[in-house]
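Undergrad: Please find the sequence and the predicted model below.
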Amino acid sequence: MQSDRLKDLGKRIHLIDGLDLGMPGRTGTYVIHEENLTLVETGPSPSVPHVLKGLSQLGHDPADVQFIIVTHIHLDHAGGVGLLLKDCPQAKVVVHPRGARHLAHPSKLIAGARAVYGSKFDALFDPVVPVPEERLIVKEDGETLTIGPGRTLQFWHTPGHAAHHFSIYDPVSNGVFTGDTAGIRYHQTNDVGLEFYLPSTSPNQFDPEAMLTSIRTFQDKHVDRIYFGHYGMTSRVEKVYEQVSDWIPRFVEEGEKALENGEGTDGIVTRLTSLVSRYLTERGVPDHHRVYTVLKLDLHICALGIADYLQKREG
């Protein structure tokens, strides 16, 4: 089945659009059709009805779901998992060891997101439902999970975006679900023939060197596909590595300039926006293009993470 909100990616994988932030193609849930029906990411709680609708369109009862894997615990990826579990009575949640306690006891997670999103928090993320500890499975680096005959997923710890982040390797498609470690795919620019990727440097665990090391892990594994948290899949993996690896030090450099000049976080936002806008303009993307709607929020969040990283680095 294929629609604007439901995409068949082949290899028994579908992508459900969670309409995160009310935006099409912002954040999605991957469905891997195996004996043990498996989801990768849930999106925030407001996305859960869309996930359930997508499962229904695919002919699945939520009670069929056996595993829900979250690449990391940021609320735009995992905030809906506790709510979704209420409709998935058989499902276990698979999470990085450093993230498990925050899913079970999300108060710090909620406080951190409120600090970033302020008054918008409730509309974007509420409710954040705790996950019962007995329904959590943690996976160490290199560990595996068999979800069906001939399909055993492997977990790679890939920090940089967050210390509690892993990526999931699928041998059937020779693809990897990268969450936010390999950046964001701005599919909006496809209509002008531009493949466009940026790093996601959100607070409060952004680490540029760790992110570059994780990207090199993907390169060294010679994967054929990247499945992004935001959003969709590409088989042009070298383009991703090239662009994101190039942007990371440039983002940090702009942050350094802003803080040296006393411009604060607002100055980082301004500098990143100017840098990215110039890049897009030079490649034929018009000023009014819809990609800028997405970038406005993303670059603000990126600036917060860069400022946080630089302040910690300077002690």
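TA: Structure's in. What do you need?

Undergrad: Report the beta-bridge partners for V65.
TA: L37 (DSSP bridges).

Undergrad: So what's the residue count around it?
TA: V65 sits with 23 neighbouring residues when counted by other Cβ atoms under 10 Å. C-beta coordinates here come from the backbone N, C-alpha and C atoms, glycine included.

Undergrad: That one and L37 touch, don't they?
TA: Yes. Contact criterion Cβ atoms under 8 Å: V65 and L37 qualify, at 5.1 Å.

Undergrad: Helix or strand for S277, just tell me which one.
TA: helix 264-282 (DSSP states H and E).

Undergrad: wait, V31
TA: According to DSSP H and E, V31 maps onto strand 28-32.

Undergrad: Averaged pLDDT, that strand. What do you get?
TA: Mean per-residue pLDDT for strand 28-32: 98.

Undergrad: Give the pairing partners of it; include direction for each.
TA: strand 13-17 (antiparallel), strand 37-40 (antiparallel).

Undergrad: Just put these in CSV and tack on distance to R185.
TA: Converted to CSV, those look like this (distance: least, Cβ to Cβ, whole Å):
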stretch, distance to R185
strand 13-17, 12
strand 37-40, 15
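
Undergrad: Tell me which of those is the most buried.
TA: Of the strands paired with strand 28-32, the one with the most neighbours on average (mean count of other Cβ atoms under 10 Å) is strand 37-40, at a mean of 25.

Undergrad: right, and the helix or strand after it?
TA: From strand 37-40 onward toward the C-terminus, using DSSP H and E, the following helix or strand is helix 48-57.

Undergrad: helices or strands up against that next one?
TA: For helix 48-57, the elements it packs on are strand 13-17, strand 28-32, helix 81-85, judged by 3 or more Cβ pairs under 8 Å, 6 or more residues apart in numbering; DSSP states H and E.

Undergrad: Who are the packing partners of the last one?
TA: Going back to what we said before, that points to helix 81-85. Secondary-structure packing of helix 81-85 (3+ Cβ pairs under 8 Å, 6+ apart): helix 48-57, strand 65-69.

Undergrad: I'd like these as CSV, with distance to Q243 and mean pLDDT appended.
TA: Shown next, in CSV, are the helices and strands packed on helix 81-85 (distance: least, Cβ to Cβ, whole Å; pLDDT from 0 to 100):
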stretch, distance to Q243, mean pLDDT
helix 48-57, 29, 98
strand 65-69, 26, 99
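
Undergrad: where does the stretch 1-150 of the chain dip in pLDDT?
TA: Residues of the stretch 1-150 of the chain meeting the criterion pLDDT under 70: 1-3.

Undergrad: got the buried residues for the lengthiest strand in the chain?
TA: Longest strand of the chain, by residue count under DSSP state E: strand 151-157. By neighbour count on 16 or more other Cβ atoms under 10 Å, the buried set for strand 151-157 is R151, L153, Q154, F155, W156, H157.

Undergrad: Out of the strands paired with strand 28-32, flag the one nearest Y279.
TA: Nearest of the strands paired with strand 28-32 to Y279, taken as Cβ to Cβ: strand 13-17 at 26.7 Å.

Undergrad: just the helices in the stretch 101-250 of the chain please.
TA: Ranges of helices in the stretch 101-250 of the chain, per DSSP state H, counting those that start in this stretch, are 107-117, 121-125, 208-221, 237-260.

Undergrad: out of the ones you listed, which comes closest to A162?
TA: helix 208-221 (9.7 Å).

Undergrad: tell me the angle the closest one makes with helix 237-260.
TA: If you take axes from the mean of the first three to the mean of the last three Cα atoms, to 10 degrees, helix 208-221 sits at 170 degrees to helix 237-260.

Undergrad: Give the other helices and strands that helix 208-221 contacts.
TA: Applying 3+ Cβ pairs under 8 Å, 6+ apart, one finds that helix 208-221 contacts strand 166-170, strand 175-179, helix 237-260.

Undergrad: returning to what we had before: deepest-packed of the helices and strands packed on helix 81-85, please.
TA: strand 65-69 (a mean of 23).

Undergrad: what's that strand in contact with?
TA: 36-42, 55, 81, 84-85, 88, 90-95, 137, 145, 147, 153, 168, 177 (Cβ atoms under 8 Å, 6 or more residues apart in numbering).

Undergrad: starting at the chain centroid, how far to that strand?
TA: 17 Å (Cα atoms, centre = their mean, to the nearest Å).

Undergrad: Past it, which element shows up next along the chain?
TA: Per DSSP H and E, strand 65-69 leads on to helix 75-78 as the next helix or strand towards the C-terminus.

Undergrad: and that following helix, what does it pack onto?
TA: Applying 3+ Cβ pairs under 8 Å, 6+ apart, one finds that helix 75-78 contacts helix 107-117, helix 121-125.

Undergrad: Show me which positions of the longest one end up buried.
TA: Think helix 107-117. Neighbour-count burial for helix 107-117, counted by 16+ other Cβ under 10 Å, picks out L109, I110, G112, A113, V116, Y117.
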